[in-house]
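Trainee: need a 3D model of the sequence below.
(chains A and B)
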Amino acid sequence: MKNIARRSVAPVIAGLVLALGACAQGSATKTDNAPATAGGPVTIRYMNFSANGGHEKDLDAIKAAFEKANPSIKVQVETTPYDAYFTKLQTAVAGGTAGDTFELNYENFVTYTKSGALAELSGVDAAAYKPSLLEAFQADGKQYGLPESFSNVVLFFNKDLFKAAGVAEPTADWTWKDEQAAAAKLTDKAKKVWGDYQPISFFEFYKALAQSGGEFLNSDKTASTFNSAAGKQAAAFLVGKAGKTMPTEADGAGTPDFDSKLFKSGKLAMWHTGIWLFSGMADAPFAWDVVVEPGNAKKASAMFTNGVVVSSQSKNKEAAQKWVSYLTSSDVMTDLRLKTSWELPPVADEAKLASYLKAGKPANRQAVFDSLDATVLPPVVERQQELQDAVTKELTAAAAGRKAVDQALADAQKAVDALLK
Amino acid sequence: MTATTHGAPKAVATTRHTRGAGSRGRAWRNRGWVLFFLAPSAVPLLLFTAVPMISSIWVSLHDWNLISAMRWVGLDNYTDLLTDEQTREVFLHTLLYCAGYLPLVYVGGLGLALALNQRMPARAFFRAAYFLPVVTSWVVVALVWKWLLNPSNGLVNTILGALGLPEPGWWTDPTWALPAVILSSAWKDLGFVMVIMLAGLQAIPSDVVEAATVDGAGPWQRFWRITLPLLSPSTFFVVVISLINGFQVFDQVYVMTGGGPQGASQVVVGQVYDLTFRYGRAGEASALSWILFAVILLITAVQIRGQKRWVHHA
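Mentor: Here you go, the predicted structure:
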């Protein structure tokens, strides 16, 4: 009987071993995290999204230059589209297969810091970075990441449409009132030409709020403060555009590439969007330029920044930090980013940015730097995505006429406060 | 599937018949080999279905954002979800989806089966054509429907406009987002119901139908008194499977509306996905999955108990 049992179990065990062996092979990436054996080069994995869609070659060039300067370190780059990146990263961190280094946008930085997923960086050469950007990647006075790039939002405008309508072109002194008046004159629904486009979303709202002199959260981030007079102005400004001078959701607004297609087809006069679209609009068949965004009580331009971090799970933290320092502060990187309009390098020395001004369309690239005089970063909390979704949801309800603006703002404040507890 | 239900008792009888004395020992000795041959499918099933399912019970008792350490919260996730307004909303949308989808797909599938059970030219072609969407990827179908139902330049609204009918906002209008999803789902699954119903129709003995005809029953009477009652096992199968699938609706919602606008078409599984991967609330997402599991189990159990009243096994 014993014999039979043993004989009958043997194939089962063999099968299990085979199956498990196959699984173990599937997670081969894990072995890359192992510390280097004496003598051999160390391999550092780097996960990122911002090279996706056109800048893969540029990242490879930075990597090649780094490996040449540091022969004992090899970098393994993994590029994922932005849409899928954070899902992948989250799962990788949970499963212990995250790269030694990875990219985080500023909005996600707090969540990852609080979760203990990041290693503290010591001995950072602070002088190399723009101070405000370096601070953005600190928490509790410790440096948990290095700024990698930044970009901001300006007002794009179609010069031909302004000329045809006999409206004066926007200047850096414009306020909301000037923008609204011009948008009304430029909108020609019969010709399907719209005066203005600015997404009705969290990202535009916190900026409009800052332009009106309001604050999104209180100083210790325990409660939201945007349901204020300034907040009402900001919400009314955005919501008031929908259907009047700006296409609505039903017209297709909010779907991917809707706004860029509209602008490029010459049917949009003014467009609030990021400088990352400069290269995409270079071949637009009409004259266009950019200007600092109009303000309300004051000027405030949206600024976005990406950073790179070292995983707390990394077994080669020292080599990892070498790579992230190179990736964020080397001259090779600065030159490449400027030459290819790949956002802007986070360097402290602004003289290094001079070539950007002459890198082609639009003519008024100076507006990009002028916007930096008064910037606003997004409010960031641990439950960031929920906060963003809650605000956008209420504002879209108001824009579609399903809710009064004041009610939407009050509801958004209530939802956000619940997330801060 | 219905065929197995009918065939099951017979199959059992045959096995019993061939089992001679002493076969018990041989069966025991063969068990190792049986397990060996089962292993290629059983091991992945255990590893990738059973283990994650069981660990999701563990996760559902914790507060966990996937990247930080897990914190034990007991049944808090369940009590929070059961009192949450949003849970009520996503279950309501899922119920509305089922209520719209089931009649459409059943009546449509039955109609097709009746039509394609007749002698007609190119019958095989039509049967295959209607089944094609069933084996097509949901992402493809949902994208095609999203284009067809584009509020500003989609084919459907262009036709409606030409006929002077109102042009709904479909996936941009909270009122129409769920109907848009229902419509595309019913279209895709029609072929599946059609195949089940065709099999059911062909299993109806012709002598019963002939006898009814001789007794003077018209086509309408034959349909209500003969066809429909004798199709009840197929109907039962379609209803059970469609409801189970209906409660788990996700792909088409994710692709067509993303749960929007403003959460108007958010369904339970969509909420599970968003909670986990968008909001990093894996504990609550796991708890919501188990609540959904309980609901589906309950509904299916009620249906199985209730079938005695209306399902006629021939």
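Trainee: can you give me the strands for the chain?
Mentor: As the question left the chain open, I've gone with chain A. A:42-48, A:73-79, A:101-105, A:138-139, A:142-143, A:146-158, A:194-197, A:268-274, A:288-291, A:301-310, A:375-376 (DSSP state E).
Trainee: you answered for a different chain; I wanted chain B.
Mentor: Taking DSSP E as the criterion, chain B carries its strands at B:62-63, B:71-72.
Trainee: that older thread, rebuild the strands of chain A as a markdown table, extending it with distance to A:Arg383.
Mentor: Placement of C-beta: from N, CA and C, glycine included. Formatted as a markdown table, those follow (distance: least, CB to CB, whole Å):
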| stretch | distance to A:Arg383 |
| --- | --- |
| strand A:42-48 | 23 |
| strand A:73-79 | 27 |
| strand A:101-105 | 16 |
| strand A:138-139 | 16 |
| strand A:142-143 | 22 |
| strand A:146-158 | 24 |
| strand A:194-197 | 29 |
| strand A:268-274 | 25 |
| strand A:288-291 | 34 |
| strand A:301-310 | 20 |
| strand A:375-376 | 20 |
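Trainee: okay, these in CSV with mean neighbour count, distance to A:Lys403 and mean pLDDT next?
Mentor: Output for the strands of chain A, formatted as CSV (neighbours: other CB atoms under 10 Å in any protein chain shown; distance: least, CB to CB, whole Å; pLDDT from 0 to 100):
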stretch, mean neighbour count, distance to A:Lys403, mean pLDDT
strand A:42-48, 23, 39, 96
strand A:73-79, 18, 41, 95
strand A:101-105, 25, 30, 96
strand A:138-139, 15, 36, 91
strand A:142-143, 15, 42, 94
strand A:146-158, 24, 26, 94
strand A:194-197, 24, 22, 96
strand A:268-274, 23, 23, 95
strand A:288-291, 22, 33, 96
strand A:301-310, 24, 25, 93
strand A:375-376, 18, 26, 88
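Trainee: what's near enough to touch A:Ala186?
Mentor: Careful, residue A:186 is Leu; it's not Ala. Residues near A:Leu186 by CB atoms under 8 Å, 6 or more residues apart in numbering or on different chains: A:Leu161, A:Phe162, A:Ala165, A:Val167, A:Val193, A:Trp194, A:Gly195, A:Asp196, A:Thr245, A:Ala269, A:Met270.
Trainee: now, which of these sits nearest chain B?
Mentor: A:Trp194 (13.3 Å; CB to the nearest CB).
Trainee: re earlier: and chain B, which of the strands of chain A is closest to it?
Mentor: For chain B, the closest of the strands of chain A is strand A:101-105, at 11.3 Å, according to CB to the nearest CB.
Trainee: dump that closest one to PDB, keeping only the CA atoms.
Mentor: Only the C-alpha atoms of strand A:101-105 are listed here, as PDB (Å, rounded to 0.1, in the frame of the first residue of the first chain):
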ATOM      1  CA  THR A 101      15.400  53.700  -9.800                       C
ATOM      2  CA  PHE A 102      12.100  55.000 -11.200                       C
ATOM      3  CA  GLU A 103      10.400  58.100 -12.400                       C
ATOM      4  CA  LEU A 104       7.600  59.800 -10.400                       C
ATOM      5  CA  ASN A 105       5.700  62.900 -11.200                       C
END
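Trainee: which residues in the stretch 151-300 of chain B form helices?
Mentor: In the stretch 151-300 of chain B, the helices defined using DSSP state H, counting those that start in this stretch lie at B:155-162, B:174-202, B:206-214, B:219-222, B:228-230, B:232-247, B:251-256, B:268-273, B:282-310.
Trainee: also the stretch 251-400 of chain A?
Mentor: Assigned by DSSP H, counting those that start in this stretch, the stretch 251-400 of chain A shows helices spanning A:258-264, A:278-281, A:317-329, A:331-339, A:366-370, A:384-399.
Trainee: with respect to those helices, which exhibits the lowest mean confidence?
Mentor: Ranked by mean pLDDT, the helices of the stretch 251-400 of chain A bottom out at helix A:278-281, with a mean of 85.
Trainee: can you pull the buried residues of that helix?
Mentor: A:Phe278, A:Met281 (16 or more other CB atoms under 10 Å in any protein chain shown).
Trainee: and for stretch B:127-138?
Mentor: Residues B:Arg127, B:Tyr130, B:Phe131, B:Pro133, B:Trp138 are the ones in stretch B:127-138 that count as buried (16+ other CB under 10 Å).
Trainee: that stretch: end-to-end distance?
Mentor: Stretch B:127-138 has an end-to-end distance of 20 Å (CA to CA, to the nearest Å).
Trainee: any idea how far the closest residue to B:Pro179 other than its chain neighbours is from chain A?
Mentor: Closest residue to B:Pro179 apart from its sequence neighbours, by CB to CB, 6 or more residues apart in numbering or on different chains: B:Gly100 at 6.7 Å. B:Gly100 sits 22 Å away from chain A, going by CB to the nearest CB, to the nearest Å.
Trainee: what do you get for B:Phe131?
Mentor: 32 Å.
Trainee: what does B:Ser206 give?
Mentor: From B:Ser206 to chain A the distance is 49 Å (CB to the nearest CB).
Trainee: and A:Gly240, how far from chain B?
Mentor: 19 Å.
Trainee: what sits against that residue?
Mentor: Contacts here follow CB under 8 Å, 6+ apart; on that basis A:Gly240 touches A:Gln180.
Trainee: next one, pLDDT for it please.
Mentor: Listed pLDDT for A:Gly240 reads 94.
Trainee: for chain B, what lies in contact range of chain A?
Mentor: By CB under 8 Å from any CB of the partner chain, the residues of chain B that approach chain A are B:28-33, B:35-36, B:39-40, B:43-44, B:47, B:65-69, B:150-152, B:169, B:172-174, B:261-263, B:277-280.
Trainee: quick one on the thing from earlier: deepest of the strands of chain B, which one?
Mentor: Greatest average neighbour count among the strands of chain B goes to strand B:62-63 (a mean of 18), per mean count of other CB atoms under 10 Å in any protein chain shown.
Trainee: that strand packs against which elements?
Mentor: Counting contacts by 3 or more CB pairs under 8 Å, 6 or more residues apart in numbering or on different chains; DSSP states H and E, strand B:62-63 packs against strand B:71-72, helix B:76-83.
Trainee: what's the last one packed up against?
Mentor: Under the contact definition 3+ CB pairs under 8 Å, 6+ apart, helix B:76-83 sits against strand B:62-63, helix B:282-310.
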